Structure formats: C-alpha cells, structure tokens
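**Q** Sharing a sequence plus its predicted fold:
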Amino acid sequence: MKKRQIGIIGTGNLGIRHLQAVALLKESCRINVMDISKEALQNAKEVWQETEGAQNHEISFVTEMTSMPKELDAVIVATVSHVRKKVIEELLAHARVRYLILEKVLFQRLEDYGAVRELMEKNQVQAFVNCPRRMYPVYEKIKKKLERARTMEIMVSGSDWYLGCNGIHMLDLIGYLAGTEQITAGVSESGQMTADVSGSEQITLDISGLEPECLPSTRKGFSEIAGTIRGSLGRCRAFSLASYPQKGIPASTVILSDVCWCRILEGKRELDFADASTGWEWKKETFEMPYQSRLTNLALEELFAGGSCRLTAFEESCRLHMALEEQLIPWFEKRGKEKGLCPIT
C-alpha cells in the first residue's frame, strides 16, 4: 500500500515537537521535513534519531520547497508569522495538499486572511489551526459541563505570559467553551475575510487596558504586549486576558457560569470545580496536560479517519485573529511600527 506523505515546514521549537509527534503515528508514513536553515535541519535530524517511533517511518530533510513531493496528505506549517502566507503560496503552487495544520499567530496583515482562504478554496485544501487546548481532556470535560450554561464569564491572568502570541490561544479557548464554532465566512471585494455571525456569537474587544508601550519579543524582529484585553464572545458575556508586569503571579483561568464554576491552574495541573452537586463547594482535582509532541499525531489520525479533527477550523480561527489584529494594528502604528502590520508571532 502506498504510504501517506506528511510534510513539516519549519523546524524551530514547535516544528520539532510536531516532528516528534508524527513519529507516533500508528501507520507507517513518509515524512518530509523542510527548512531553509541547514543548521535547523541538522538539529531536526539529531532529534529524530532519538525520537520514539522514528524507526517506523521513512524521512527526508530538504531546504527547498521544490524538493517536497508533488502530493501530500497533510502538511504542518510551523514557520514564524511574517513568512507564513508566502510559504503557503509556494507550497500550494508546488504540491497538491489535502490537509493543512497551521501554527499561529496566523498572519500579520489583515488582507492575508482573505487571500489565503481564497487560495485554499481554489486548491480544495482543508485547514486547521493549532490551538491545542481543544484537545486537552480537562477542557473537553469543562466544555461538557458548560453545555447547559446560558451565560459565563472567563478571566485569564498571570505574570508576563506573552499576551500577544498567546492571547489567541486563550481567545480560542473562550470561543471553544462559549460554543462559537458555527460561523459562515466569505471574502469581501477588497479581499479581506468577512464573517457572518449572529448577535449571540459576536466578538467585542477592548484593548484600552494594555500597558502603554510595546515590548520586545523573545524572537528577534517581533513585538509583544502586556496589560489587559477585555471583551465578550458568544455565551461568554465578559472575559479578561491579563498579563501582569509584576513577577511571580501564577497563571490561572477562572470560569464562572450559571451551571458551574471552574478554576484551572495549568502550571500545577490543578482544577477546582463547584456546582449544585458539590453544594457549590470547591472540589479539587488534578489533571494531565498533554505535550504537543503527543498531540499532532492524534489530530492527523482524526483527519485521515474522518476528514476533520478537534483543532480549530481555519475560518473560525481567522475570525478570532482578525478581531484581535483589527485592534492591535492601529495600536502598534501609533508606537512607530510599520503601517498595516501586527508584528506578533
């Protein structure tokens, strides 16, 4: 039987984690790893040699897109944000791709969302965005508890947790818990993506609580933000994402609803839960939080088995990305950054 062809583009920290996960696929595959950096590829080769399950697959490491196969069952694009559109364009010009899994932040310019969506439609590609909390058992459990909730409030807070690059993770989690998956999207005459959503699914954002200056990112050439973003999304009538400049405050997520309360400390793997069955007294539980190196394989197996997976659909993620970037781009411009650019990765 012909082996499935899997591609991984970008072998930075996240790309390596995806590579380790792909080695765990139950089905023997041909894995094609691409990075323009020979040094990064060499590091990936060394990691692969020590990776569990590597012996079950064939693998190649290349520095040019034209060296990738002409047909690929799935490709993971784990590059930084400012080259992602170009990489997708080059990939789809070279190869026929069935599924894409994209890292985030997706793109830095609003016009890129509509352009890439149009390209995916033309090439009949199904795309998903790697916001993996939707695959964590603890959040699947909480979502089930919240199914009957009519309204909820969610507060995320902690010290310096990189609100720019990680804020989309938490927005995605709120969208997941608040049940906003069902949206329809299109492309306007200007090429920008538009979303048709009901009033109950509308997202609002207020960035007036951000710290006054942008911060340097851990990645050279990119920027970060701190402070508080507030808003509403779906059944979540109010949320806040707060990254404090003070050190030592543990990251926590608090969910208050009319059916249950939850307090999640991911760092400690602890969940406090209360509802009518506990007399609204807190009950403490512990949970496992899976690593990326043991998740990507599950998403791929779901795609190959049923044509979808638990990761965020591209269109839904675009809606969340665009809502945030529409606010942040003017904010960055006022601080001397390039016009029309959201310099976050």
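**A** On my side now, so go ahead. Residues are numbered from 1 along each chain as shown.
**Q** Next, the buried residues of whichever helix in the chain runs longest.
**A** When the chain is parsed with DSSP state H, its longest helix is helix 314-333. Under the neighbour-count criterion of 16 or more other C-beta atoms under 10 Å, helix 314-333 has 314-325, 327-329, 332 buried. Any C-beta I mention is one placed from the backbone N, CA and C, and that applies to glycine too.
**Q** Let me know the closest of those residues to Leu271.
**A** Closest approach between the buried residues of helix 314-333 and Leu271, by C-beta to C-beta: Leu320, at 24.4 Å.
**Q** Glu71 versus the closest one, what's the distance?
**A** For Leu320, the distance to Glu71 equals 31 Å [C-beta to C-beta, to the nearest Å].
**Q** Can you check the pLDDT for the residue most central in space within the chain?
**A** By C-alpha atoms, centre = their mean, the chain has its centre lying nearest to Cys131, at 3.0 Å. On pLDDT, Cys131 comes in at 98.
**Q** My guess is it contacts Leu173. True?
**A** Yes: Cys131 lies in contact with Leu173 (C-beta atoms under 8 Å); the separation is 7.5 Å.
**Q** Spatially nearest residue to the residue nearest to the centre of the chain (excluding sequence neighbours)?
**A** Asp172 (3.9 Å; C-beta to C-beta, 6 or more residues apart in numbering).
**Q** got the angle between the helix or strand that contains the one you found and helix 314-333?
**A** Counting by DSSP states H and E, the element that carries Asp172 is helix 163-178. Relative orientation of helix 163-178 versus helix 314-333 (axes from the mean of the first three to the mean of the last three C-alpha atoms, to 10 degrees): 140 degrees.
**Q** follow-up on the earlier one: return the closest of the buried residues of helix 314-333 with respect to Ala238.
**A** Ala323 (15.7 Å).
**Q** Quick check: beta-bridge partners of the residue lying closest to the closest one once chain neighbours are set aside?
**A** With sequence-adjacent residues excluded and distances taken as C-beta to C-beta, 6+ apart, Ala323 is closest to Ile203, at 4.8 Å. In this entry, Ile203 is beta-bridged to Leu233, by DSSP bridges.
**Q** So what's the residue count around Thr63?
**A** By other C-beta atoms under 10 Å, 12 other residues sit near Thr63.
**Q** Could you check how far the residue lying closest to it once chain neighbours are set aside is from Ile76?
**A** Distances taken as C-beta to C-beta, 6+ apart put Ile36 closest to Thr63, at 5.7 Å, once the chain neighbours are dropped. Counting by C-beta to C-beta, the separation of Ile36 from Ile76 is 16 Å.
**Q** Show the contacting residues for Leu215.
**A** Neighbouring residues of Leu215 by C-beta atoms under 8 Å, 6 or more residues apart in numbering: Ser223, Glu224, Ile225, Ala226.
**Q** From what I see, the second one and Cys165 are in contact.
**A** By that I understand Glu224. Yes: using C-beta under 8 Å, Glu224 is in contact with Cys165, at 7.1 Å.
**Q** you'd agree Ser208 is in a helix?
**A** No: looking at Ser208 with DSSP: H, G, I helix; E, B strand; the rest coil, it is strand, so not inside a helix.
**Q** What does the pLDDT read for it?
**A** Looking at Ser208, its pLDDT is 98.
**Q** element containing the closest residue in space to Leu271 that isn't next to it in sequence?
**A** Distance criterion C-beta to C-beta, 6+ apart; nearest residue to Leu271, sequence neighbours excluded, is Glu285 at 4.6 Å. Using DSSP H and E, Glu285 maps to strand 283-286.
**Q** Show me what the helix or strand just after that strand is packed against.
**A** Counting by DSSP H and E, the next helix or strand C-terminal to strand 283-286 is helix 296-306. Packing partners of helix 296-306 (3 or more C-beta pairs under 8 Å, 6 or more residues apart in numbering; DSSP states H and E): helix 13-22, strand 71-77, strand 96-102, strand 126-129.
**Q** Show the contacting residues for Gly15.
**A** Ile8, Ile9, Asp35, Ala40, Ala44, Ile76, Ala78.
**Q** Compute the number of surrounding residues for Gln202.
**A** Residues within reach of Gln202, counting by other C-beta under 10 Å, total 13.
**Q** pLDDT-wise, which helix or strand of this structure ranks last?
**A** Lowest mean confidence among the helices and strands of the chain (mean pLDDT, DSSP states H and E): strand 184-187, at a mean of 34.
**Q** Identify the contacts common to Glu224 and Cys165.
**A** Joint contacts of Glu224 and Cys165 (C-beta under 8 Å, 6+ apart) are Ser217, Ile344.
**Q** Give the residue spans of the chain that score low on pLDDT.
**A** For the chain, the stretches flagged by pLDDT under 70 are 180-201.
**Q** What sits closest to Trp48 if chain neighbours are left out?
**A** The shortest distance from Trp48 to any non-neighbouring residue, by C-beta to C-beta, 6+ apart, is to Ala54 (5.4 Å).
**Q** the domain parsing of this protein - what is it?
**A** Taking automatic domain parsing as the reference, the chain has its domains at 4-132+294-312, 134-288+322-333.
**Q** Among those domains, show me which one is buried the most.
**A** domain 4-132+294-312 (a mean of 19; mean count of other C-beta atoms under 10 Å).
**Q** Could you work out the end-to-end span of that domain for me?
**A** Taking C-alpha to C-alpha, to the nearest Å, domain 4-132+294-312 runs 23 Å from one end to the other.
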